[in-house]
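Undergrad: this is a predicted model, with the sequence first.
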Amino acid sequence: MSSAAAETTEKSAEAFRTISEVSLELDVPQHVLRFWESRFQQVRPIKRAGGRRYYRPEDVALLRGIRALLYVDGMTIKGVQKVLRDKGLRYVSEIGRGEASLHGKPNRQPREKFHRQLRAVDFTEEPPPAKIPETQKKLHVVSDPIRASSESASEETPHHQTLSAEARTRLETLLSELLQLKTRLTTARAA
């Protein structure tokens, strides 16, 4: 265990935290915390001599709420700014403490829930091949993209090669697998 992590566990709940301690606790790089300071005016750690930041417990709860909204709920910076404006600092801090969520129910351990759902998905079963529309089957590889882009569109002989049957089959298989993974992820997110 690193010394910063050891200090974090030894400190009381009311103790101030350094940026490195908060970074470890939230699993977010320090530069991201400094970036959030510039985007969210509500994040105001105490700065001491030399610019060293100290975060109060309420600052950490707010940062944890911002992190949950950004990383778990998939919101944008502007979306989180709107939530802070509309619902307030206390609401986002409650999300950080696990007492509230955007969807009205407590936001407890979202990462563990996701991992449980992911473990429940059987990735060993062979997916059925997807039916690929004819329009997508006419793939081609440009042999010289610079030359092809510089030539006029009116020229009758394009400089490209069509894919071999084997390469086309491999690409169709990969596309099928990607579409199925997308469906599984969408299903896991909805649950």
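TA: That came through, no problem.

Undergrad: C-alpha from now on. contacts and neighbour counts both.
TA: Noted.

Undergrad: against which helices or strands is the strand or helix carrying residue 80 packed?
TA: Using DSSP states H and E, the element containing residue 80 is helix 77-87. Here helix 77-87 touches helix 89-97, going by 3 or more Cα pairs under 8 Å, 6 or more residues apart in numbering; DSSP states H and E.

Undergrad: looking at the helix it packs on now, give me its mean pLDDT.
TA: On average, the pLDDT along helix 89-97 is 86.

Undergrad: could you give the angle of it to helix 77-87?
TA: Between helix 89-97 and helix 77-87, the angle comes out at 120 degrees (axes from the mean of the first three to the mean of the last three Cα atoms, to 10 degrees).

Undergrad: what's the longest helix in this structure?
TA: helix 165-190 (DSSP state H).

Undergrad: quick one: the strands in the protein, in order.
TA: 17-18, 46-47, 53-55, 140-142, 160-162 (DSSP state E).

Undergrad: can you flag the weakest of these by average pLDDT?
TA: With a mean of 52, strand 140-142 has the lowest mean pLDDT of the strands of the chain.

Undergrad: what about the residue lying closest to residue 81 once chain neighbours are set aside, how many residues nearby?
TA: Using Cα to Cα, 6 or more residues apart in numbering and skipping the chain neighbours, the partner closest in space to residue 81 is residue 40 (6.8 Å). Using other Cα atoms under 10 Å, the number of residues around residue 40 comes to 16.

Undergrad: could you chop the chain up by domain?
TA: Using automatic domain parsing, the domains assigned to the chain come out as 3-108, 134-190.

Undergrad: low-confidence regions, the chain specifically.
TA: 1-9, 99-163 (pLDDT under 70).

Undergrad: repeat that with 50
TA: Where the chain drops to pLDDT under 50, the residues are 1, 5-8, 105-109, 152-154, 157.

Undergrad: picking up where we left off before, what does the residue nearest to residue 81 show for phi and psi?
TA: Backbone geometry at residue 40, expressed as degrees, to the nearest 10, gives phi -120, psi 110.
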